[in-house]
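J.: Sharing a sequence plus its predicted fold:
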Amino acid sequence: MNTTRVTRADIEAAAARLDGVATTTPLQLNARLSALTGAAVYLKREDLQPVRSYKLRGAYNFISQLATDVRARGVVCASAGNHAQGVAMACALLGIDGWAYLPRTTPRQKRDRIEALGEGRVEIRATGDTYDEASDAAAAFAASNGAALVPAFDALDTIAGQGTVIREIEGQLGRSPDVLVVPIGGGGLLAGSAAWLSDQATPPRLVGVEPAGAASMAAAVRAGLPVPLDTLDTFVDGAAVRQVGAHTYAHAAASGVELLTVTEGELCTEMIALYQADGIIAEPAGALSSTALGQLGDLRDQTVVCVLSGGNNDLSRYPEILERSLVHLGLKHYFLVEFPQEPGALRGFLDHALGPEDDITLFEYVKRSNRETGPALVGIELARREDIGPLLDRLAGMSLVVEQVQPDHALFRFLV
């Protein structure tokens, strides 16, 4: 292994180790995204790996090279869920004991899969609220117990394993795509892709996509080195990393990658489209790359590959995903309304405020008292985005005190 940078030879060696372990996942032409862009848009379906993400590639490539005496002490990792599944499967295949440190916010679905894939060999330890807190705990455990730390992204062997994704894409296409779009959490997949493409005379356009609330690679590029984010939104749990790695940053900085961010609302809308139109269950991080296609400019007649990186999505999250999508599309709005405490007040609101296709989805008194008025929180879903103007006009014409709850309102975070 090159001591500073991953090479194509390293990725070829990783592919040989992964033969019979990782699945050669489909590269599927997507009719919906192709029609939207005018390009031939392919999805690299890494959600169809045995662990439902590409993370198996890096984890197995790293662990399989550990010396026998190191394996005997076991391995430990920190993960938002997907990397730990890769580690768990590797432990089961190689007969190694392991420990997985996860944020307490890790969805139950991912925890259950780690236990199943580890076949009794991996102990889960939930700690902290973010990946970075789990990472600190895993490092402390490794230092005190002698277990080998398996980095989720910032190790050359991990990066080489993730690089087998683009190697596989080229083999399936018969050439490089014109545009390769990958999600970014800690940057392992981006770094592996950059390493594979680095010696091409005319490499494809490489695009990395981060959540707007966790854009740690963009922060590193601005600063000239990896730096921690001041705030971190953990909704996109598979990509919520406060600081990218030194190795992953070095590969990204040398690659000329274009960095984009997408909002939670955009991401949720794409997740729903993937499910309803394409029959694909994607986790938030898995939908990052295809969500960003609208930001790439004119793609007509180009071949574009988006890596759909994971499908470990807890079913219980879909109501929140739908809610965030409706808000993003301008179809869901919330209001604080001061209702007079008299009979017929709510009926008057229903008769005069709502349009024929508007629907109340939430009505809850914020505070009941004996005062002349009582504040209520009202959620209204519209049939069309443009219906908000007439609704606001009707509300303004009523003898009620009405305040629209905007996304930056302190109350909004309790609603979505």
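T.: That came in fine, so what should we check first?

J.: what's Glu357 in contact with, if anything?
T.: Counting by CB atoms under 8 Å, 6 or more residues apart in numbering, Glu357 touches Leu382, Ala383, Arg384, Asp387. For glycine as for every other residue, the C-beta is placed from the backbone atoms N, C-alpha and C.

J.: if I look at the residue positioned nearest the centre of the chain, how far off is Ala201?
T.: The residue lying closest to the centre of the chain (CA atoms, centre = their mean) is Ala285, at 1.6 Å. Ala285 sits 32 Å away from Ala201, going by CB to CB, to the nearest Å.

J.: what do you get for Asn312?
T.: 38 Å.

J.: the more surrounded of these two?
T.: When neighbours are counted by other CB atoms under 10 Å, Asn312 and Ala201 differ, and Asn312 comes out ahead with 27 against 4.

J.: Surely that one and Ala285 touch.
T.: No. Counting by CB atoms under 8 Å, Asn312 does not reach Ala285; the two are 9.1 Å apart.

J.: Need the residues touching each of those two.
T.: Asn82, Gly238.

J.: May I see the buried residues of the helix or strand hosting Val221?
T.: Element membership for Val221, per DSSP states H and E: helix 216-223. Residues of helix 216-223 classed as buried: Ser216, Met217, Ala218, Ala219, Ala220, Val221 (neighbour count, 16 or more other CB atoms under 10 Å).

J.: check contacts around the fifth one.
T.: Right, the one you point to is Ala220. Counting by CB under 8 Å, 6+ apart, Ala220 has contacts Pro226, Val227, Gln243, Val244, Tyr249, Ala252, Ala253.

J.: ditto for Val337
T.: Applying CB under 8 Å, 6+ apart, the residues contacting Val337 are Phe349, Pro375, Ala376, Val378, Leu400, Val401, Val402.

J.: so what strands line up beside the helix or strand where the third one lies?
T.: Right, the one you point to is Ala376. If you go by DSSP H and E, Ala376 is part of strand 373-381. Using DSSP bridges, strand 373-381 pairs in its sheet with strand 332-340 (antiparallel), strand 359-365 (antiparallel).

J.: deepest of the ones you listed, which one?
T.: Burial of those is given as mean neighbour count (mean count of other CB atoms under 10 Å); strand 332-340 ranks first at a mean of 19.

J.: CA-only coordinates of that one in CSV, if you can.
T.: C-alpha atoms of strand 332-340 as CSV (Å, rounded to 0.1, in the frame of the first residue of the first chain):
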residue,chain,number,x,y,z
LYS,A,332,-47.5,22.1,3.9
HIS,A,333,-47.8,25.2,6.1
TYR,A,334,-48.2,25.9,9.8
PHE,A,335,-49.9,28.8,11.5
LEU,A,336,-50.5,30.1,15.1
VAL,A,337,-54.1,31.3,15.2
GLU,A,338,-55.7,33.2,18.1
PHE,A,339,-59.3,31.8,18.2
PRO,A,340,-62.0,33.6,20.1
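
J.: Could I get the average pLDDT for that strand?
T.: In this model, strand 332-340 carries a mean pLDDT of 90.

J.: Fine by me, we can end here.
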